[in-house]
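*Asks:* Show me the folded form of this:
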Amino acid sequence: MSVLTIDVGTTVIKSVVFDDRGTEIAVARRDTEVLRPHPGWAEQDMDAVWNAVVHTVRTVLDGLTDPVWLVSFTAQGDGAWLVDDHGRPTGPAILWSDGRAGDLLTDWQRDGVLEAAFRRNGSLTCAGMPNAIFSWLAAHDPDRLARSATSLTAAGWLFLRLTGVRASDESDASAPFLDHATGDYDPGIIELFGLGAYERLLPTVLGESQRIAEITTGAAGELGLPAGLPVVMSPYDIAATARGVGVVDPGQACSILGTTLCTEIVRTGIDTSGEPSGIHIAYRGRERVLRAFPTLNGAEVLGWAARLLHLSGPPELAQLAFESEPGAHGLMFLPYLSPAGERAPFLDPGARGSFWGLSLEHTPADLARAVFDGLSLVLRDSLAAARTDVSELRLCGGGANSDAWCALIADATGVPTARSGDTELGAKGAFLTGLVRTGAETSMHSAAAKYVRMQRGWEPEPERAEFYAAQYEDFLGRRALAREAGWRGGAVWQGSADRPAEARGRPTEATEQAATTHGEPRV
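*Replies:* The predicted structure is shown next:
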């Protein structure tokens, strides 16, 4: 008997079939389009997403001889997938990466609203979360809200189409509204953002044991499946991926090298102290939470760099990058290219990228290497923000296919890295979740121990790890200067008195040299 899993990503939808040993036996993929009708906007046609699901499911089932007994799925998180009383979209889905509400974040940050919300549930709002989207629509498109009955996420939309149930998984509900102590929405957070009038849009939150229902006859007919199959709504994609790579117990950590560079650490409770940063995701009822830092800048940065250098894509960019050396001959890159700025491990809708120390002596390989170095230092930044010691960082997502990048991340973070033997980790997490929800496995711990297989690992090389520790301090200093300059980039300084307070004491001699000439990296 087989398990059908579905992974509704932002740019690719995948259907994956696993056999009873947890091995991928069939995969079908279909690209989806992110619509950008205005600068900073990111939307998707909700019916097009469902049609892509239908296509991949029918494709993956074609020729399958082993019958499917379970459907389990995961999907991209956050955003607002608004539907009316009849379950029909009232417009395109507004995605997690949408930046139209950036000015609202600036106001909320200035007024202390974001910090107050973080102190309640440990999640820092970004522009693509429903509270920001509701507020923006209330000001600019109130008719859309008036015509809408429920605000779903991508997973909620898929669950509605598959089972007819309008609901949210706890992981999707976690940011920004969830009270982790009760597993329901926190009225205080709703009031804090002034959204009492739109509380009616929030769907019922289903607990870990409740997210299972039967597929409807109509959906089964569209997909080519038997009616009445159990359907499990798994945690949204970054949490499902953590499960898929075996990160299920406190202290375990992983980084997703995909559309987002998302570093995640399992904890027993939320941490609302320290600088507000990242989000906390309900991970297993009241017992586990996932401290996550889902960046807005990831694989799209690699795609941009590949186009800039007239390369075929990220794999060719990686091949070029590692012709250069650690530090890219004194060139450093701040990888904040998203039009929505950055949301983790710091929040700044105005964040923008820049190269530092560029000179005529730099080569395309140096530019490519600086991009990989910069993204790797973002992972170190997330681990630092988590304030939790980890002994291993499990890597997944498309970027983990690069041995050289996996080794670089070990050096850049100072933490051993490891890669899974599976390729579709979000789908694997949905597979594990489905087994536990249906009682085929007794716990997530036992399911991960039985079905997760790691492929290989990398240890930090001591000399390079020391070099990147210094690079990280330079990275923080240059970022502080860029923020002080309004993210215009190219900032230089002549002495410590000219540096912003955040940067003082952080840039090293190498940084000061690189600010005026490209310099040579320390080894």
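*Asks:* Surely Ala282 is in contact with Asp172?
*Replies:* No - contact criterion Cβ atoms under 8 Å: Ala282 and Asp172 do not qualify, at 9.2 Å. Where you see a C-beta, it was placed from the backbone N, CA and C, and this is true even at glycine.
*Asks:* Quick check: which ranges of the stretch 301-450 of the chain have low pLDDT?
*Replies:* Within the stretch 301-450 of the chain, no stretch has pLDDT under 70.
*Asks:* That one: strands as residue ranges?
*Replies:* 332-334, 354-356, 393-396, 417-420 (DSSP state E, counting those that start in this stretch).
*Asks:* which one of those strands lies closest to Thr268?
*Replies:* Of all the strands of the stretch 301-450 of the chain, strand 393-396 sits nearest to Thr268, with 19.2 Å by Cβ to Cβ.
*Asks:* Include mean neighbour count and distance to Glu275 when you put the strands of the stretch 301-450 of the chain into JSON lines, please.
*Replies:* Below are those laid out as JSON lines (neighbours: other Cβ atoms under 10 Å; distance: least, Cβ to Cβ, whole Å):
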{"stretch": "strand 332-334", "mean neighbour count": "26", "distance to Glu275": "19"}
{"stretch": "strand 354-356", "mean neighbour count": "22", "distance to Glu275": "23"}
{"stretch": "strand 393-396", "mean neighbour count": "27", "distance to Glu275": "22"}
{"stretch": "strand 417-420", "mean neighbour count": "22", "distance to Glu275": "26"}
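*Asks:* and those strands as a markdown table, adding distance to Arg479?
*Replies:* Converted to a markdown table, the strands of the stretch 301-450 of the chain look like this (distance: least, Cβ to Cβ, whole Å):
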| stretch | distance to Arg479 |
| --- | --- |
| strand 332-334 | 6 |
| strand 354-356 | 9 |
| strand 393-396 | 22 |
| strand 417-420 | 24 |
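*Asks:* who wins for proximity to Tyr185 among the ones you listed?
*Replies:* Closest to Tyr185 of the strands of the stretch 301-450 of the chain, according to Cβ to Cβ: strand 393-396, at 30.7 Å.
*Asks:* for the closest one, packing partners?
*Replies:* Strand 393-396 is packed against strand 253-257, helix 403-413, strand 417-420, with contacts defined by 3 or more Cβ pairs under 8 Å, 6 or more residues apart in numbering; DSSP states H and E.
*Asks:* Partner strands of the last one and their direction?
*Replies:* Read it as strand 417-420. strand 393-396 (parallel), strand 454-458 (antiparallel) (DSSP bridges).
*Asks:* in the longest one, what counts as buried?
*Replies:* For strand 454-458, a neighbour-count test (16 or more other Cβ atoms under 10 Å) marks Gly457, Trp458 as buried.
*Asks:* Averaged pLDDT, that strand. What do you get?
*Replies:* Strand 454-458 shows a mean pLDDT of 94.
*Asks:* so how far is the following helix or strand past it from its chain's centroid?
*Replies:* Later in the chain than strand 454-458, the nearest helix or strand by DSSP states H and E is helix 462-484. Relative to the centre of its chain, helix 462-484 is centred 23 Å away, using Cα atoms, centre = their mean, to the nearest Å.
*Asks:* Which strands or helices does helix 462-484 pack on?
*Replies:* On a contact count with 3+ Cβ pairs under 8 Å, 6+ apart, helix 462-484 meets strand 332-334, helix 364-386, helix 403-413, helix 509-514.
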